[in-house]
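Asker: sequence first, then the predicted structure, then my questions.
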Amino acid sequence: MSHDHGHDHTHGANKKALMIAFIITTVYMIVEAIGGIITNSLALLSDAGHMLSDSISLGVGLAAFIVGEKAVSRSKTFGYKRFEILAALFNGATLIAIALYIMYEAYQRFIDPPDVASVGMLFIGFLGLLVNILVAWMLMSKGDTEDNLNLRAAFLHVIGDLLGSVGAIAAGLLIFFFNWGWADPFASVIVAILITISGIRVVRESIHVLMEGSPKNIDIHQVQQTIETQPEIQSIHDLHVWNITSEQIILSCHAVVSGDYSLREGQQVLGNLEKKLKDVGIQHATIQLETSDHPHDEQLLCSIEIEEEDHGHRGHAH
């Protein structure tokens with residue numbers, strides 16, 4: 001019960017944070033784009049372009065939260081919550097695409113550096129920095145940027161923008177004091193590299209969830225031990241742990257108990273296991289209890305070996 005209320009509260013906070021961030025970012029993106037055209041600054045234009053992607057990504061992320069609220073149906077038994085992961089994948093891919101475009105434009109400007117109005121560039125870059133700090137603070141303080149992949153992807157867009165504003169300010173200062181025209185495209189390249197790294201990380205994590213990979217914050221070996229240390233459990237097999245969304249973790253397995261357990265005792269075993277699994281981060285567990293002489297297809301329910309790369313150890317479910 002407390003988990004469901006906590007999840008609903010977090011979901012609502014994430015949605016509200018995204019909505020406010022979307023409005024602020026969209027308004028300032030228009031201002032920065034106009035300023036970039038007037039000052040002829042690639043650093044400002046690239047930052048405005050990235051803010052456009054931010055506006056889109058925040059909008060997509062917001063739409064994902066709204067769509068995810070749709071009720072489950074016969075055809076969508078988990079509902080539409082995984083739309084959040086699709087939104088995160090889209091945003092991660094967008095980060096990479098924009099970074100590559102910025103690098104291309106920077107290359108053109110290294111070859112033929114144009115004149116840049118450094119004072120206007122500094123003014124608009126500073127305003128952009130303030131806006132991005134405000135939006136980033138809102139997403140961090142009011143939303144869950146650590147565990148929610150969808151919100152984190154949108155947050156990384158904003159951080160990329162913040163870095164872009166810092167780059168534009170640095171380039172404007174170098175052009176104003178030293179007339180170093182190359183500083184404008186150079187700042188853009190640095191920001192583009194940082195954006196690419198963030199984009200690749202988000203894409204990789206999104207694909208991991210869509211491929212039903214084990215959650216990064218769950219120790220599979222610990223989960224196995226939690227189940228097998230229950231006195232009534234002899235062994236487990238066919239253990240699977242995966243994400244529906246970055247916050248909703250599902251477990252299923254078969255647990256072998258001794259043959260003289262009654263239905264009431266079996267229900268007590270399941271209740272104890274579900275409580276213990278919640279302590280290690282599993283919110284929803286489906287455990288089939290069976291006796292050691294229960295017939296099953298060896299190929300379908302064979303013993304599995306689990307290699308947990310993130311934790312650098314191995315565990316076995318029998």
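Answerer: In hand now; what should we look at? Residues are numbered from 1 along each chain as shown.
Asker: what strand or helix carries residue 246?
Answerer: Taking DSSP states H and E as the definition, one finds residue 246 inside no helix or strand.
Asker: likewise for the one 4 residues further on?
Answerer: Under the assignment given by DSSP H and E, the secondary-structure element containing residue 250 is strand 249-257.
Asker: other residues contacting that strand?
Answerer: Residues from elsewhere that reach strand 249-257 (Cβ atoms under 8 Å, 6 or more residues apart in numbering): 215, 218, 223, 227, 232-244, 266, 269, 273, 277, 281-292, 294, 296, 301, 317. Bear in mind the C-beta positions are built from the backbone N, C-alpha and C, glycine included.
Asker: ok, 7 Å please
Answerer: Residues outside strand 249-257 that contact it (Cβ atoms under 7 Å, 6 or more residues apart in numbering) are 215, 218, 223, 227, 232-244, 269, 277, 281-292, 301, 317.
Asker: do stretch 190-200 as well
Answerer: 92, 95-96, 98-99, 102-103, 156, 160, 163-164, 167.
Asker: after the one helix or strand residue 155 maps to, which helix or strand is next?
Answerer: Using DSSP H and E, residue 155 sits in helix 149-178. For helix 149-178, the following helix or strand on the C-terminal side (DSSP H and E) is helix 183-210.
Asker: could I get the buried residue list for that following helix?
Answerer: Under the neighbour-count criterion of 16 or more other Cβ atoms under 10 Å, helix 183-210 has 183-192, 194-196, 198-199, 202-203, 205-206, 208-209 buried.
Asker: can you give me how far that helix is from the chain middle?
Answerer: Relative to the mean C-alpha coordinate of its chain, helix 183-210 is positioned 13 Å out (Cα atoms, centre = their mean, to the nearest Å).
Asker: mean confidence (pLDDT) on that helix, please.
Answerer: If you average the pLDDT over helix 183-210, you get 87.
Asker: what angle sits between the helix or strand just after that helix and strand 249-257?
Answerer: The helix or strand immediately downstream of helix 183-210 is helix 220-228, counting by DSSP H and E. Computed by axes from the mean of the first three to the mean of the last three Cα atoms, to 10 degrees, the angle separating helix 220-228 from strand 249-257 equals 40 degrees.
Asker: and helix 220-228, what does it pack onto?
Answerer: On a contact count with 3 or more Cβ pairs under 7 Å, 6 or more residues apart in numbering; DSSP states H and E, helix 220-228 meets strand 233-243, strand 249-257, helix 263-279, strand 304-308, strand 313-317.
Asker: so of the ones you listed, which one's packed in deepest?
Answerer: Mean neighbour count (mean count of other Cβ atoms under 10 Å) peaks for strand 249-257 among the helices and strands packed on helix 220-228, with a mean of 20.
Asker: ok, that strand: who's next to it in the sheet?
Answerer: strand 233-243 (antiparallel), strand 284-291 (parallel) (DSSP bridges).
Asker: just the mean pLDDT for the first one, thanks.
Answerer: Strand 233-243 comes out with an average pLDDT of 87.
Asker: now swap in the shortest one and tell me
Answerer: Confidence over strand 284-291 (mean pLDDT, whole number) is 82.
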